[in-house]
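Participant: Need a 3D model of the sequence below.
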Amino acid sequence: MSRTPALPVLGSRKPSHRERVADALRAALIAGELLPGEVYSAPGLAARFGVSATPVREAMLDLAKEGLVDTVPNKGFRVTAVSEKQLDEYTHIRALIEIPTTAGLAASADPVALEALRPVAQEIVTSAAAGDLIAYVEADLHFHLGLLALAGNDHLVDVVRDLRRRSRLYGLTALAEQGRLEASAEEHLEILDALLARDEEAVQTVMTRHLGHVRGLWASAPKGRGELRDKPPRPAASRGHAGPSS
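Facilitator: Numbers count the residues shown, from 1 in each chain. Model (predicted):
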C-alpha cells in the first residue's frame, strides 16, 4: 500500500539566510542608504552587514532581477535611479489600492488579526525613536502588507509590495535628524485604532494623510548621502523576515 508523501505546511518555511539578507538590502535601498548611481561590492556590503559575501552576492542578484540594481562586471552592483514621474505614479497607484482597501477592513477585519499587528506598529514607532531607518522600513512593510493581506487578495498584496520595493524614502534621514519621524510613525497606530473602532471614514482620512507624507519622503536623493558607507546597519542575521509573505 503506497503512502501519500507528507507535504510541508504552507507558510511554515523559515526564510533562508539569502532571503533575510535580501530583505535587509531592500530596506536599506528603500530607506535611501544605498544611493542611485553608486556601485557597491558584495564584500563591502557583507562587511557592513556582518555576514559573508556569498549570501550578499546572491541577494543582490535577486534585486537585479527585480530591477532595483544593475550588475557591474568585476565591480559589484549599481543602484538604479527612480524619477520624480515614477514616484508620482507609484504614489497614485498606491492611493488607488491602499486607501479604499484598508478603509474597507473597518467593516470586515477580525479584531484579533488587527491586534496582532499592534506590536508591528509599535516597532515602527520604536525604530523611529532610535533612528534605525532600516528597521523602520522593514516594520512599515510588514504592517502595511499585513493589513492588505487581511483583505484576502494576494495579487493586490504583490502589486503593493512591488511598488514599495521600487520606491525610495530618502526623506527618512531628514525626518529622523529633525526629530519628526516619530510623528509619522505614530500614524500607524492611528490607522490601527481607527480600524478597531470600525470607523471607516477615519481610516480613510488617516491613510490619505499618511500616503501624502510618504510622497514627501519619495524625493530625489541628496548628493553625498549614503548611510551604509559611513554607518553599519544591524547584522542581517539578527533581523526577522520583513513582511508576512515578502
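
Participant: would you put the C-alpha positions of stretch 110-126 in CSV?
Facilitator: Listed next in CSV are the C-alpha coordinates belonging to stretch 110-126 (Å, rounded to 0.1, in the frame of the first residue of the first chain):
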residue,chain,number,x,y,z
ASP,A,110,-11.1,40.3,12.6
PRO,A,111,-10.2,42.4,15.6
VAL,A,112,-7.8,39.7,16.8
ALA,A,113,-6.0,39.8,13.5
LEU,A,114,-5.8,43.6,13.7
GLU,A,115,-4.5,43.5,17.3
ALA,A,116,-1.8,41.1,16.1
LEU,A,117,-0.3,43.9,14.1
ARG,A,118,-0.1,46.3,17.1
PRO,A,119,3.4,45.1,18.0
VAL,A,120,4.5,45.8,14.4
ALA,A,121,3.0,49.3,14.6
GLN,A,122,4.8,49.8,17.9
GLU,A,123,8.1,48.5,16.3
ILE,A,124,7.7,51.3,13.7
VAL,A,125,7.5,53.9,16.5
THR,A,126,10.4,52.3,18.4
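
Participant: distance between it and the chain's centre?
Facilitator: 16 Å (Cα atoms, centre = their mean, to the nearest Å).

Participant: Quick check: buried residues in the helix or strand hosting residue 208?
Facilitator: Using DSSP states H and E, residue 208 maps to helix 200-217. Using 16 or more other Cβ atoms under 10 Å as the test for burial, helix 200-217 gives 200, 202, 203, 204, 205, 206, 207, 210, 211, 214, 215, 217. In this view, the C-beta of every residue, glycine as well, is placed from N, C-alpha and C.

Participant: Just the closest of those to residue 161, please.
Facilitator: residue 214 (14.9 Å; Cβ to Cβ).

Participant: State the pLDDT value of the closest one.
Facilitator: Looking at residue 214, its pLDDT reads 72.

Participant: what's the pLDDT at the spatially closest residue to it that is not a sequence neighbour?
Facilitator: Leaving aside its chain neighbours, residue 214 sits nearest to residue 91 (6.9 Å; criterion: Cβ to Cβ, 6 or more residues apart in numbering). At residue 91, the pLDDT value in this model is 87.

Participant: Distance-wise, check residue 91 relative to residue 148.
Facilitator: 16 Å (Cβ to Cβ, to the nearest Å).

Participant: more crowded one of the two?
Facilitator: Taking neighbours as other Cβ atoms under 10 Å, residue 91 and residue 148 compare with residue 148 leading, 23 against 18.

Participant: Could you tell me the angle between the strand or helix carrying the more buried one and helix 200-217?
Facilitator: In this structure, residue 148 is located in helix 133-149 according to DSSP H and E. Orientation note: helix 133-149 sits at an angle of 140 degrees relative to helix 200-217 (axes from the mean of the first three to the mean of the last three Cα atoms, to 10 degrees).

Participant: which of the residues in helix 133-149 are buried?
Facilitator: Quick answer for helix 133-149 (16+ other Cβ under 10 Å): 133-149.

Participant: Hmm, residue 208 and the residue nearest to residue 214 touching each other?
Facilitator: No: contact criterion Cβ atoms under 8 Å: residue 91 and residue 208 do not qualify, at 11.4 Å.
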